[in-house]
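A.B. asks: starting from these lines, generate the structure:
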Amino acid sequence: MPRTNRLAIVALVTGLCGLILLAVGFAIAALVQAGRRGERGKGLAIGALVASGTWVVVAAVALAVVAGSLVTADRDESGRVTGKDKMLPAALRVGDCFTGFQVESMTSPVTALPCAEPHQGEVVAQVRLPAGEFPGNRKVHEQATDACFIKTIRFLKSRHAQHLEPYLILPAKANWDSGDRKVLCLLTYNGPDTITAPIAATLDPKLKYWTELSYGDCFGKWDADVPAQRVLSCSESHWSQVYAVYKLKAGPYPGEKGMERKAETGCKKQMNKAFGRHPQPEYYSFFYAQKFEWEGGIRTIVCFGMSEDRPLKKTMLPR
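C.D. replies: Here you go, the predicted structure:
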């Protein structure tokens, strides 16, 4: 009776153990040897190939399950996350809160969870970049940074604003070429406390971004590094008051110096118009759009008077 080929036995054992590459190699060798030597074992070798194929199917299904779980989360009818689910950052939605975000590897999974639980950050906006040829990673980052800033201006009024750090989830070239130009705008919290609410719930209603200031608004000393001002009653102690708000015509951005000249000239004219023959402010200044704000559609100029050496307790505008 012909003996059984030893490689066929090894192939079957390795196949059943899930050592797919070894099993396939041994099985092929066994089939060749058994045919040349007239040995038994072809059935064992074929069984090894079948077992290896089964392992491949199992692995593919498992991979599909894992991959699927990284792009979905348990949500209620309103779309809010209800559990704790590992997800790829790119699969998050606006309003999703998360922990485990790694700046060094923005493709690593994070844990999506309800915003009422302690969390690290939140997806606060989504933008879609203009169509066209992929402009390169650097240009995509520049466009996304400007677009996300415009979308997230209001969060500068959060009581956590000084501890919020912006990050972007950008489309890769392959995504761009397939028509996906989505950008996710993230804010992460690095302050000393624990954040347990959506960032929108932490906004201070008395703070206004400079584009939201209105004629007659009073606020404290102007600080060029503080874009959100705390609006006060003009009967309270204050240092500054808005006397004009107007918009420039659309067109190419005139540059930093050009914007400053336009604002200075316009605010001088607006001052004469606002005060007429009444006493004018000791000093005046203005807010105007930076390049990224201009490109985001902001054309506003805000003119305000200032007291230099003492706070005011009444309006400086003529009644």
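
A.B. asks: how about low-confidence regions in the protein?
C.D. replies: 1-13, 15-20, 22-73 (pLDDT under 70).

A.B. asks: tell me the centre residue of it?
C.D. replies: Nearest residue to the geometric centre of the chain (C-alpha atoms, centre = their mean): residue 185, 1.9 Å.

A.B. asks: and the gap between it and residue 299?
C.D. replies: Residue 185 is 23 Å from residue 299, where distance means C-beta to C-beta, to the nearest Å. C-beta here means a position set from N, CA and C on the backbone, and glycine is covered the same way.

A.B. asks: now the helices for the stretch 1-150 of the chain?
C.D. replies: 6-16, 20-37, 42-69, 137-152 (DSSP state H, counting those that start in this stretch).

A.B. asks: spit out the contact partners of residue 241.
C.D. replies: Shown in contact with residue 241 (C-beta atoms under 8 Å, 6 or more residues apart in numbering): 216-219, 234, 281, 304-305, 312, 315-317.

A.B. asks: I'd assumed residue 127 was in contact with the residue nearest to the centre of the chain.
C.D. replies: Yes. Contact criterion C-beta atoms under 8 Å: residue 185 and residue 127 qualify, at 6.7 Å.

A.B. asks: give me the common contacts of those two.
C.D. replies: The contact lists of residue 185 and residue 127 share 147-148, 151, where a contact means C-beta under 8 Å, 6+ apart.

A.B. asks: dump the contacts of residue 241 to TSV, plus secondary structure, neighbour count and distance to residue 196.
C.D. replies: Below are the contacts of residue 241 laid out as TSV (DSSP: H, G, I helix; E, B strand; the rest coil; neighbours: other C-beta atoms under 10 Å; distance: C-beta to C-beta, whole Å):
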residue	secondary structure	neighbour count	distance to residue 196
216	coil	14	37
217	coil	20	32
218	strand	25	34
219	strand	23	30
234	coil	17	36
281	coil	21	44
304	strand	26	37
305	strand	23	41
312	strand	19	39
315	coil	15	40
316	coil	23	42
317	coil	17	42
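
A.B. asks: the residues you listed into a markdown table, with extra columns for distance to residue 228?
C.D. replies: Below are the contacts of residue 241 laid out as a markdown table (distance: C-beta to C-beta, whole Å):
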| residue | distance to residue 228 |
| --- | --- |
| 216 | 18 |
| 217 | 12 |
| 218 | 15 |
| 219 | 10 |
| 234 | 19 |
| 281 | 22 |
| 304 | 15 |
| 305 | 20 |
| 312 | 21 |
| 315 | 22 |
| 316 | 22 |
| 317 | 23 |
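
A.B. asks: out of these, which comes closest to residue 263?
C.D. replies: For the contacts of residue 241, the residue nearest residue 263 by C-beta to C-beta is residue 304; the value is 11.3 Å.

A.B. asks: and that closest one, what does it touch?
C.D. replies: So residue 304 contacts 213, 219, 222, 240-243, 284-287 (C-beta under 8 Å, 6+ apart).

A.B. asks: got the contact list for the closest residue to residue 153 other than its chain neighbours?
C.D. replies: In this structure, residue 153 finds its nearest non-sequential neighbour in residue 209, 5.3 Å apart by C-beta to C-beta, 6 or more residues apart in numbering. Residue 209 makes contact with 153-154, 156-157, 227-228 under the criterion C-beta under 8 Å, 6+ apart.

A.B. asks: mind checking which of those residues land in strands?
C.D. replies: Assigned to strands by DSSP state E, the following of the contacts of residue 209 qualify: residue 228.

A.B. asks: need the contacts of residue 209 in a markdown table (columns: neighbour count and distance to residue 197).
C.D. replies: Shown next, in a markdown table, are these (neighbours: other C-beta atoms under 10 Å; distance: C-beta to C-beta, whole Å):
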| residue | neighbour count | distance to residue 197 |
| --- | --- | --- |
| 153 | 18 | 20 |
| 154 | 16 | 15 |
| 156 | 18 | 17 |
| 157 | 21 | 15 |
| 227 | 18 | 23 |
| 228 | 21 | 19 |
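
A.B. asks: farthest-apart pair in the contacts of residue 209, please.
C.D. replies: 154 and 227 (11.3 Å).

A.B. asks: contacts for stretch 125-134, please.
C.D. replies: Contacts for stretch 125-134 (C-beta under 8 Å, 6+ apart): 93-94, 140, 143-144, 147-148, 151-152, 171, 173, 176-177, 181-185.

A.B. asks: those, buried ones only, as a PyMOL selection?
C.D. replies: Remark: buried members of the contacts of stretch 125-134, expressed as a PyMOL selection using 16 or more other C-beta atoms under 10 Å:
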select buried, resi 140+143+144+147+148+151+152+171+176+181+182+183+184+185
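
A.B. asks: isn't residue 167 right up against residue 103?
C.D. replies: Yes. Between residue 167 and residue 103 there is a contact under C-beta under 8 Å: 7.0 Å.

A.B. asks: of these two, which one has the most company?
C.D. replies: residue 167 (17 against 8; other C-beta atoms under 10 Å).

A.B. asks: and that one, what are its phi and psi?
C.D. replies: phi -140, psi 160 (degrees, to the nearest 10).
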